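K.L.:
Dropping a prediction and its sequence here:
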Amino acid sequence: MQEHLIAKFLDKALLQGCQYADIRYEESESESLSVKNEKLESLRHNQDRGFGIRVLRNGSWGFSSSSDISEPVMERVLREAIAIANASHLVPGPIVELGNPQQHIATLPHQAIKDPFTIPLSEKIDLLTETTNRMNIGSEIQYRNASLRFRKFHKFFASTEGSRITQERIETGAGLSAIAIGNDDMQTRSYPNSFGGDFSTFGYEFVEEMDLLSHANQYAQEAKLLLFAEQCPEGIKDIVIDGNQLALQVHESIGHPTELDRIYGFEAAYAGTSFLTPDHLNQLQVGSPIVNITADATVPGALGSFAFDDEGVPGQEIYLVKNGLFVGYLNSRETAAMIGMNPIGAMRADRWSRIPLIRMSSINLLPGDKTLDELLSGIEDGLFFSGIKSWSIDDRRLNFQFGPEIAWEIKNGKLGNVVKNPSYIGVTPAFWNSCDGIASKEFYHVWGVPNCGKGEPSQIMCVSHGTAPARFRNVKVGVAR
Amino acid sequence: MITHENCQSIVKDIASKLPVDQYEIMISGQEESLTRFANSMIHQNVKSESSRIQLRVIKNNQIGVSSCDNLTEDGIDFVIRNAMDLCFMSKPDTEFVSLPSPSVSQYPEPVFFDHSRDFDSPDYRANTVSKVCQRAKNKSVNAFGKFESNRNRLFIANSLGIDQYQETTNCNFSSQIMDGFSSGFAQTSGRKLTDLSIERVIEESLETCLQSKTLDSLEPSEYEVILKPEATSGILGMLSYMGFSTQAIQEGRSYLSNRLNDTVFSELLSIQDNFRHKNQLMNVFDFEGSAKHPVQLIKNGKFSDFVTDSKWAMKLNKPNTGHALPAPNAYGPFPLHLVMEGGIGGDWRGMVKNAEKAILITRFWYTNPLNPKKGVCTGLTRDGTFLVLNGKIAKAIRNFRFTDNLISVFNSILHVGSDTRLCGDDVSPSLHCQSLRFVSQAEPG
């Protein structure tokens, strides 16, 4: 799409009485492969392109979009966006303010060393086929899955405030899972994480470093072990949570509740609200003093990293929780102005046809100073949880229940037997205040999460979470039966 | 926007360029309009239009699938080139037999397309939203929710002669009324604007919120429950996700595996996949272009049948019921038009009158399976949870978390309501069940 055409329609928006307008044009390409039991199960290539026009008129928003890229269609889409903004004004609220203008001119290339789209398909299929072959350790492992997913973006953002930002991005993900089936039971182990594995904005080098082949046998063995393991005990226990599951804990109980659109009720009817209301800002001890959590869009290679958000605000690093105290929100230009903060660059749309919403970047629990052995050694009778199987949290992000893939008993500071169907339950501030140990940076990893759902129409966003294993005291475990 | 004629024209152009054994072309178009409101004002208002072409090619059992949203000559050439490349680079699928041949539907094609100007009018949506916001303001509470309307077009053709095209519309209006930590919810879904029960939704959501002014605590335990249709729908969705996938059933991953013709649930429970149900959205063919057929999944508690697509029909030597998902499909056939058959139990209000002690639930939130093989699932109540004592709502209570085996829950059905309605994608009635296990209660405000 030509830049001068975009500039022309931004000028038209102003001439037609809009206070503000932006246009996002995106092209993307994706490839996904999955192999099951040494057989290619799914292979797909997709290309997507389109644009969206967002206008602010009479203090109300309107948005329209199309995959048809032509001047007459742009003309119509702008007309629709303005008509929609006028309709919004029929049921008005406070006039939308955007704070200080944002004007940035930038061109940002992607960070991949090896573009995954240049790797021969045969090499990718062979890797996945051999991965599933190495999980073939016996009749109990009935389903052996391995997958790769790649996306490449080109995005151009322009606004009536003068921003002209071009960003390129590559997303790379891979993973394996072994499914063991027995009498009335099914158990799964996944590497490096559940639901497709791990994801980043690095290139194919990320897949190579993941080394699926070397881990295939171990995870198949663990799935088999789970089939014959005892049920997770029920009771109050001290627990250590592995980084992959802790990433989801951070996501659900800290990431989502710090989204400022939830505070203002914009997501109340669907995704819910939040317990972190403004009266708690700089007041509520949401975690113990060792809990430090940042929102950081600048982590190299993290799936939640970006240079500019979809309002043209630079991605930044801020504290959400500092020494256990709740200190920050994820915001948009509109909600930042409402609460009197600076925008942090957290507004993103999952594609051209959607408006940007407040989304997590990389929400990171900063590492502590313990080794994993030190975390375990402080527990007489507890559990070590790893992997993700099930999750659920209430609409204010307080009452949660998680079901990891696997747990090991901790007896006198050492890992013991595997137990199956583990679960733990808690209430967000009490849980994070019970954290008394976080592993050090040697154990720290930034996990890519490609499936964060929010908004209506539904949007699926790529975010990430840096975590190291951490210890929590007196947690209710084993409620699932 | 696509039409049947221009889709056929695209197929004609593509067919001559494909040196393959078989091919399948899917072209879809969608116009989505949605207005969201919060704090009794419109805060988000959007429209999008998109179209997509997907090509599946098969040569010597090697399969390639490519898609794009650009229906110009460039986009179509891109799709052909990529599908062919993927096909030649892939390894033969030894299980693939053939794409489906044309099947004659035994049902006349229904037409459920809302042609009215109001259907995607932002002013019409805003004026409707204005009504609920004004009613909320009159009661000193706030309105939240959405009003969405979608126009959909789907075309599927293949080299064996399938040539299917359908235009449909669907719409949904939901209202959540909030007052502090108290809330009420109701929704209405349909094919046309005239299907929507806007007034009922406004009344029910207001009534539920106003009844929830004070939220009491209650000890988590096993309780008798009365589920409004939206709550039943939440459980039905989980039951389907964990159990009704034919591939999962055949692979031993479902709670229904190896249980065909067994009585699994209460005899009061019957579930079908039926696109033709008077309340259902009418998609007359599946994503391979095969005609859909109603399938009785559960009959009086017995697991009586499952759905198929062309691959699983051949594999299991059963008729193709027309339940394919889009290619490449790693999930197998799946029922997308569930109907829980209504009973003689009236509506949830009647169930309340007949209950000695029960929990009345408006809807569930964040349900997720813990053990699909056993049907164990967790989730929370939301937007109106009440203790019923001696035939009356005694008090509103804070939201509960349940963790339970849904097969046991659906084995304990006391009454099935006659008040079925479309709740999103499925048709559900109110239900009165003997037991649901609550494990904790949400925090006080």
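P.N.:
Looks like it arrived, so ask away.
K.L.:
and residue A:16, what does it touch?
P.N.:
Contacts of residue A:16 were listed using Cβ atoms under 8 Å, 6 or more residues apart in numbering or on different chains, and they are A:57, A:78, A:82. All C-beta atoms are positioned from the backbone trio N, CA, C, and that covers glycine.
K.L.:
which residues pair with residue A:293 across the strands?
P.N.:
Residue A:293 has these beta-bridge partners by DSSP bridges: residue A:321, residue A:365.
K.L.:
Distance check, it against chain B.
P.N.:
Distance of residue A:293 to chain B, computed by Cβ to the nearest Cβ, to the nearest Å: 21 Å.
K.L.:
okay, and for chain B, where does confidence drop off?
P.N.:
Low-confidence segments of chain B, defined by pLDDT under 70: B:105-111, B:445.
K.L.:
which one's the longest strand in it?
P.N.:
strand B:41-59 (DSSP state E).
K.L.:
how about it against chain A, any contact?
P.N.:
Yes - contact of strand B:41-59 with chain A (Cβ under 8 Å from any Cβ of the partner chain) involves B:41, B:42, B:43, B:44, B:45, B:46, B:47, B:48, B:49, B:50, B:51, B:52.
K.L.:
Max pairwise distance over the residues you listed: which two?
P.N.:
B:41 and B:52 (34.2 Å; Cβ to Cβ).
K.L.:
How many residues are close by residue 238?
P.N.:
As the question left the chain open, I've gone with chain A. Per other Cβ atoms under 10 Å in any protein chain shown, the neighbour tally for residue A:238 reads 21.
K.L.:
um, chain B though
P.N.:
Residue B:238, neighbours per other Cβ under 10 Å, totals 20.
K.L.:
so what does the helix or strand where it lies touch, helix or strand wise?
P.N.:
Element membership for residue B:238 (DSSP states H and E) is helix B:229-243. Packing contacts for helix B:229-243, counted by 3 or more Cβ pairs under 8 Å, 6 or more residues apart in numbering or on different chains; DSSP states H and E, involve strand B:182-190, strand B:338-340, strand B:357-371, strand B:376-389, helix B:406-411, strand B:421-423, strand B:426-428.
K.L.:
Can you spell out which helices and strands pack onto whichever helix or strand comes after that helix?
P.N.:
Note on helix B:229-243: by DSSP H and E, the next helix or strand toward the C-terminus is helix B:246-250. With contacts taken as 3+ Cβ pairs under 8 Å, 6+ apart, helix B:246-250 sits against helix B:310-316.
K.L.:
List the buried residues for the helix it packs on?
P.N.:
B:310, B:311, B:312, B:313, B:314, B:315 (16 or more other Cβ atoms under 10 Å in any protein chain shown).
K.L.:
check those residues against chain A, which are close?
P.N.:
Among these, no residue lies close to chain A (Cβ under 8 Å from any Cβ).
K.L.:
which residues in chain B form helices?
P.N.:
For chain B, the helices defined by DSSP state H cover B:4-15, B:73-89, B:122-138, B:198-211, B:229-243, B:246-250, B:310-316, B:348-354, B:406-411.
K.L.:
Most tightly packed of the ones you listed?
P.N.:
Most buried of those, by mean neighbour count (mean count of other Cβ atoms under 10 Å in any protein chain shown): helix B:229-243, with a mean of 24.
K.L.:
Can you pull the phi/psi pair for the most centrally placed residue in chain A?
P.N.:
The centre of chain A sits closest to residue A:463, judged by Cα atoms, centre = their mean, with a distance of 2.7 Å. Main-chain dihedrals, residue A:463, degrees, to the nearest 10: phi -130, psi 180.
K.L.:
same check, this time on the one 10 residues further on
P.N.:
When read as degrees, to the nearest 10, the backbone of residue A:473 gives phi -100, psi 140.
K.L.:
So, low pLDDT: which residues of chain A?
P.N.:
A:1, A:481.
K.L.:
Show me which helix runs longest in it.
P.N.:
helix A:71-88.
K.L.:
What I need now is the residues of strand B:41-59 next to chain A written out in TSV, including distance to residue A:364 and neighbour count for each item.
P.N.:
Below are those laid out as TSV (distance: Cβ to Cβ, whole Å; neighbours: other Cβ atoms under 10 Å in any protein chain shown):
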residue	distance to residue A:364	neighbour count
B:41	35	20
B:42	35	28
B:43	30	23
B:44	29	22
B:45	34	31
B:46	32	27
B:47	37	24
B:48	33	25
B:49	38	23
B:50	35	19
B:51	40	20
B:52	36	21
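K.L.:
With respect to residue B:206, which of those is nearest?
P.N.:
Using Cβ to Cβ, those come closest to residue B:206 at residue B:41, 17.4 Å.
K.L.:
Please name the bridge partners of that closest one.
P.N.:
residue B:38.
K.L.:
Quick check: it touching residue A:95?
P.N.:
No - with contact defined as Cβ atoms under 8 Å, residue B:41 does not reach residue A:95; the gap is 11.0 Å.
K.L.:
Confirm that residue A:40 sits in a strand.
P.N.:
Yes - assigned with DSSP: H, G, I helix; E, B strand; the rest coil, residue A:40 falls within a strand.
K.L.:
show me the residues around it that make contact.
P.N.:
A:33, A:34, A:125, A:128, A:129, B:90, B:91, B:93.
K.L.:
which among these gets closest to residue A:225?
P.N.:
Distance to residue A:225, by Cβ to Cβ, is smallest for residue A:128 among these, at 23.9 Å.
K.L.:
quick one: which of the buried residues of helix B:310-316 is nearest chain A?
P.N.:
The nearest member of these to chain A, counting by Cβ to the nearest Cβ, is residue B:311 at 11.8 Å.
K.L.:
Most widely separated two among the contacts of residue A:40?
P.N.:
Every pair of the contacts of residue A:40 checked by Cβ to Cβ; the farthest is A:128 and B:93, at 14.7 Å.
K.L.:
that older thread, quick one, which of the helices and strands packed on helix B:229-243 gets closest to residue A:339.
P.N.:
Judging the helices and strands packed on helix B:229-243 by Cβ to Cβ, what sits closest to residue A:339 is strand B:182-190, at 23.3 Å.
K.L.:
what does the stretch 101-250 of chain B put close to chain A?
P.N.:
B:122-123, B:125-127, B:129-130, B:133, B:142, B:144-146, B:148, B:174-176, B:178, B:185.
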